[in-house]
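K.L.:
predicted coordinates and the sequence they were generated for:
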Amino acid sequence: MSECICRTLFRREFRPGGGCVRTGNMKLVALKQLRKTFEYGARFRTRNPQYDPLQAIERALDSHILQDKERDTREYQAWKKEILSRCKRNIGHRGNSSGRSFLTQKSKSYLKFLQTFLVIHYIDKAANNIAFRCINAYVADLEKELGSHVYEKLEPEGGREEGVDAKREGEKLALKIGKGHQLFLKKLRLDNGTKLGYLYAATKFHKDGSRFIAGMPNCSTTKASKVLSDVFTEILTVLEEKDDVHIQRTGIRRFFVVKGFEEVADFLKKWKFNKNNSRLLKTGDFSNAYTSIPHGDVVEKLSLVFEEVWKFMAEILGVTLDKVKVQWLGHKNVNFVRTSSNSRKTNEPFNYTLEGLIALTKWLIDNTFVVNGDACYRQRSGIPMGTNAGPGICNLYLYYYESTYIDKLVSEGLFTRAEQCHMTFRLIDDDLSIDNPGYEQFIKCYPPFLTLNDTTLPEGVNFLGMHITEGKEGKLKIQVYDKRKDFPFKVVRYPHLDSEIPTNLPYGVFTGLTHRNDRICTEREDFIKESVVLAKCLQAQGAVRHRLVSVFNSYLSKKGRNISTIRRSFKKALNNSLV
C-alpha cells in the first residue's frame, strides 16, 4: 500500500512509521468547527435545533396518560405539570450549547471528505474516543482476519449461479442461515429474527494491531447468547461457593476467576504478608484466547464444568443429577432448582437440564456467522468476541484447566505447591499471580495452543486498573492505573456538560470513581492525587468546583474517614493545580 492516497492527503504525524493513517489525534481534522465536535468524544449528544425536547416529552406523557382507561385524564394534570417543570429546569441550563456543536453544511461536506478516505471508529479500551484509519489499510486488515484459520468462507450449495449478482447471492445465503437459526431457536422461545452479525476492527493504541469483534447487537443469536451469559455468570458464582467450602476443608484454592478489581483490591488489603519476604509479582494475558480454541475442545471442557456444578447442586438440593435444572427468570435472574418433572408449560420460566444447557452452548459456539461485503463467514475456531456469552465461555474454559491442575497437585500429595497458587487471580484473559514460586509450572496447565504473554514490569504489575508494587514492611502498594494515559493523544473521558445529559450526572460519576479510587489506593496521598486529577478533568468539562468539593466531603462523611486532614489536602491540591 505504498501508493495509498492517504499518504499524500494527510501529514506524517498521523501516519506511524510513514505508513497509512492510524491515529486518534484530532488535529487531523483541519476544519476547526468539526474538530471541536470530535473532541467532545463519541458519546457526546447534541440537540437538533429543529426539534423541541419538551414537546417530545409532553407527547410521550400524553400517550402514557391515554393508556390508563380507569382514570380521568384530569387526574394526571398536576403530575404532568410537575414532570414538565423539572425537565424544563434540567434542559434549560444549556443555553446555546446545542447550536454551537450542531454540524454546519461546511462541516458535513468536510466529514464526507474524511469518510471517503478514512474509517472513523471507536478506540479499543477508550470507547468515548475516535480513531482515524486509512480505509484501504482497514479493509486489508479485515480481509486478512476473515481469510485466516479463524473463519470459513461459505458458498451457496451447488456453487454460485452464473449471471447472479454476488451481493444478492450473499444476501440469500445469509437469509437462509438466519432462518435456520430462527427455526431452531423458536422451539426454545429464544428466536430473535434472521439478521446475522458483521466483523469490525477496533484499533489498539496501547498495543500494535487491532481487536476484531463480531458485531451482534440484535442478531439471530442475541437472545440465546444473553440467556447463556446470565446462566454462565450464575455457574461461576456456584463454582466460587463450592470453592469456599473446599478452602475451609483443605486450605487450598482452586477457583481463580474474579468479577473485577474490587475482589482483588479487598483481598490484597486484608491478606497478612510476611514482613521479611519480598513479593513475587507476575502478570500475563492470553493474546489468542478468542481465536485459537478448537470448538470441540471448548464444548468438551465446558460440559465437564457443567457436570461439576450439577453434582454440587444435586448434593445441596438433595436430589439426583437429572432432577437439577438451571432456571432463567429474566435479565441476570438465574437460580438452580430441583424438579420432579421434565415437562414444561409454555408460560413457565426457561429451565435447562444439564444436557439441554450443553446442547444450547454447543449450538451457539458452532453458529457464529458474520456477513462482510457480499460474503458470509462462519467462525470455525475460537470463542466469538462480541457475543454476550463470550466472556463467560472463556472464564469457564480456562477454569477447567486451572482447577484440574490444582486437583492433580493434591492427588499427588504436592500440597505446598497447590497452596502457593492461593493468590492467583484471573479475569477472562488477564492473569495475576502473587508469591507463587511455582508460577512457571502453573501456567503450563493451559493448553499449548494458547499463548500467555508475560506482561510483568520491572517495578511491578498492572492488573484490572491497578498498579501493584512492593511497599513497606512486606506489604503491597496499590495505585490506580489507567492505560489510556499512555495513549499518544489526549483521551476524552467522562461526561461533558455541553452534552444533552442531566446536570447532576458528572457529580454522580465523580462519586462513583472516588469510591473506586478509595478501594484501590493503599496510601492516602495516592487517593487524594487521583481525586484531584478526576475533579480537574470534570471541572474542565463544565462541572462546578465548589460542588465537586462538596461531593467529595460528603463521600468522606459517609465513609467515616478523617475529614479534616483529607479534605484540606484535597482542597489545597485542587486550588494549586492548573485548570
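P.N.:
That came in fine, so what should we check first? Residues are numbered from 1 along each chain as shown.
K.L.:
any idea how far residue 450 lies from residue 13?
P.N.:
38 Å (CB to CB, to the nearest Å). Where C-beta positions appear, they are placed from N, C-alpha and C, glycine not excepted.
K.L.:
between the two, who's got more neighbours?
P.N.:
Neighbours were counted for residue 450 and for residue 13 using other CB atoms under 10 Å; residue 450 has more, 17 against 11.
K.L.:
ignoring the adjacent residues along the chain, who's closest to the more buried one?
P.N.:
residue 286 (5.4 Å; CB to CB, 6 or more residues apart in numbering).
K.L.:
enumerate every residue touching that neighbour.
P.N.:
398, 429, 431, 446, 450-453 (CB atoms under 8 Å, 6 or more residues apart in numbering).
K.L.:
which one of those is nearest residue 508?
P.N.:
residue 429 (30.9 Å; CB to CB).
K.L.:
for that closest one, what are its contacts?
P.N.:
285-286, 289-290, 394, 398.
K.L.:
same question, residue 212
P.N.:
Contacts of residue 212 by CB under 8 Å, 6+ apart are 142, 145, 199-201, 385.
K.L.:
mind redoing it with 10 Å?
P.N.:
By CB atoms under 10 Å, 6 or more residues apart in numbering, residue 212 lies in contact with 141-142, 144-146, 148, 150-151, 199-202, 290-291, 370, 385-386.
K.L.:
quick check, residue 304 in contact with residue 354.
P.N.:
No: taking contacts as CB atoms under 10 Å, residue 304 lies outside contact range of residue 354: 11.1 Å.
K.L.:
which helices and strands does the helix or strand containing residue 297 pack with?
P.N.:
Element membership of residue 297, judged by DSSP states H and E, is helix 295-317. With contacts taken as 3 or more CB pairs under 10 Å, 6 or more residues apart in numbering; DSSP states H and E, helix 295-317 sits against helix 222-250, strand 324-330, strand 333-338, helix 354-366, helix 390-411.
K.L.:
tell me which residues in the following helix or strand past the first one are buried?
P.N.:
Sequence-wise, the next helix or strand downstream of helix 222-250 (DSSP H and E) is helix 261-270. By neighbour count with 16 or more other CB atoms under 10 Å, helix 261-270 contains the buried residues 261, 264-265, 268.
K.L.:
report the distance from the next helix or strand after helix 261-270 to the chain centre.
P.N.:
For helix 261-270, the succeeding helix or strand toward the C-terminus, using DSSP H and E, is strand 281-286. In terms of CA atoms, centre = their mean, to the nearest Å, the centre of strand 281-286 is found 19 Å from the chain centre.
K.L.:
distance of residue 76 relative to residue 59?
P.N.:
14 Å.
K.L.:
so these two - more neighbours on which side?
P.N.:
A count of neighbours by other CB under 10 Å puts residue 76 above the other of residue 76 and residue 59, at 17 against 10.
K.L.:
which pLDDT does the model give the closest residue to that one other than its chain neighbours?
P.N.:
Residue nearest to residue 76 in three dimensions, not counting chain neighbours: residue 65, with 4.6 Å by CB to CB, 6+ apart. Looking at residue 65, its pLDDT is 90.
K.L.:
residue 65: neighbour count?
P.N.:
Quick note: residue 65 (other CB under 10 Å) scores 17 neighbours.
K.L.:
same check, this time on the one 5 residues further on
P.N.:
Per other CB under 10 Å, the neighbour tally for residue 70 reads 5.
K.L.:
could I get the phi/psi values of it?
P.N.:
phi -90, psi -20 (degrees, to the nearest 10).
K.L.:
distance check, it against residue 76.
P.N.:
12 Å.
K.L.:
try residue 444
P.N.:
As judged by CB to CB, residue 444 and residue 76 stand 68 Å apart.
K.L.:
same deal with residue 67?
P.N.:
Residue 67 is 11 Å from residue 76, by CB to CB.
K.L.:
next, the angle helix 222-250 makes with the helix holding residue 297.
P.N.:
With axes from the mean of the first three to the mean of the last three CA atoms, to 10 degrees defining the directions, helix 295-317 sits at 60 degrees from helix 222-250.
K.L.:
buried ones in helix 295-317?
P.N.:
So, applying 16+ other CB under 10 Å, buried residues of helix 295-317: 295, 298-299, 301-303, 305-306, 308-310, 312-314.
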